[in-house]
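Chemist: Here's a sequence, model it:
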Amino acid sequence: MYSLMQFLIILFSLGLVLTSLLTIESRDLVKSSRAYLGQALLLVAILSVYAVALPNHELFLWSVTILVSKGIIVPWLLRRYGRKVDRAEVRPLIELWPSLLIALGLIVLFFWLTHSHYSFLIPSPDVAGEPYRTNLAVAATILCLGFYALLTRRDAVKAVIALCLMENGVHLGLMSLAPTIPETAMIGVATDVVISIWMLLYIITGIYAKNASTDTWDLSKLRG
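Modeler: Residues are numbered from 1 along each chain as shown. Coordinates of the predicted model:
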């Protein structure tokens, strides 16, 4: 029988998989960024539950950082710069339904692989069992989905969102492997990439102003 802490964290973690799927498969960049916002809020919820239950109050600092960066600043940047480009995503390499089936297959495969071979990944017995096992499986799944989106999407803005997903997967993995160590929160805060996201979006809108497209395949037109 799971405790309330375990149940909540597992529930929120599975919600991260759903929001990842919505983020990468939505062909509307505004809806995609909203799904990413939902994922950021779920990360904040997971960290907050960890901070109360363990207890590791330094995790509250990390949760506040995620709330500000991923829950406020990054969605604001995506909305601000999204107004300067086309709202509809550039047609990806794989159409919606085949891509959705591939993404679902990747979710099942990577969740099962990580969940089944969890014992090879944990650094100490303190993080054996639930909810850490499910969390790490979800982290690997999110990383895989972000990488899949990065490989199959031609829209530069969607590529930035895919990078954001991958960062979320890294952060979830970090909090799953070492949630009781105070330094974990400091590492999480230090590895936030909000500045990099801003720079990428700034460059993309500059390219769009010259090229009238965010299609990465059209970048060769900028030569000369």
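Chemist: make it CA atoms for all contacts and neighbour counts henceforth
Modeler: Fine.
Chemist: Asn56 in helix, strand or coil?
Modeler: Three-state call for Asn56 (DSSP: H, G, I helix; E, B strand; the rest coil): coil.
Chemist: you'd agree it is up against Glu183?
Modeler: No: in this structure Asn56 lies outside contact range of Glu183 using Cα atoms under 8 Å: 10.2 Å.
Chemist: Compare these two (neighbour count), which wins?
Modeler: Asn56 (18 against 13; other Cα atoms under 10 Å).
Chemist: Next one, pLDDT for Arg223 please.
Modeler: Arg223 carries a pLDDT score of 57 in this model.
Chemist: With Glu58 instead?
Modeler: 85.
Chemist: and what of Tyr208?
Modeler: Taking Tyr208 on its own, its pLDDT is 91.
Chemist: ditto for Ala53
Modeler: Ala53 is given a pLDDT of 86.
Chemist: Would you mind confirming that it is in contact with Met5?
Modeler: Yes: under the criterion of Cα under 8 Å, Ala53 makes contact with Met5 at 6.7 Å.
Chemist: what about those two, which has more around it?
Modeler: Comparing Ala53 with Met5 by other Cα under 10 Å, the one with more neighbours is Met5, at 17 against 13.
Chemist: How about the contacts made by the more buried one?
Modeler: Val49, Tyr50, Ala53 (Cα atoms under 8 Å, 6 or more residues apart in numbering).
Chemist: Return the member of the residues you listed nearest to Tyr118.
Modeler: Nearest to Tyr118 among the contacts of Met5: Tyr50, at 19.7 Å, using Cα to Cα.
Chemist: Spatially central residue for the chain, please.
Modeler: Leu165 (2.2 Å; Cα atoms, centre = their mean).
Chemist: Buried residues in the helix or strand of the chain with the lowest mean pLDDT, which are they?
Modeler: Least confident helix or strand, the chain: helix 182-190 with a mean of 78, by mean pLDDT, DSSP states H and E. For helix 182-190, burial by neighbour count (16 or more other Cα atoms under 10 Å) applies to Thr184, Ala185, Gly188, Val189.
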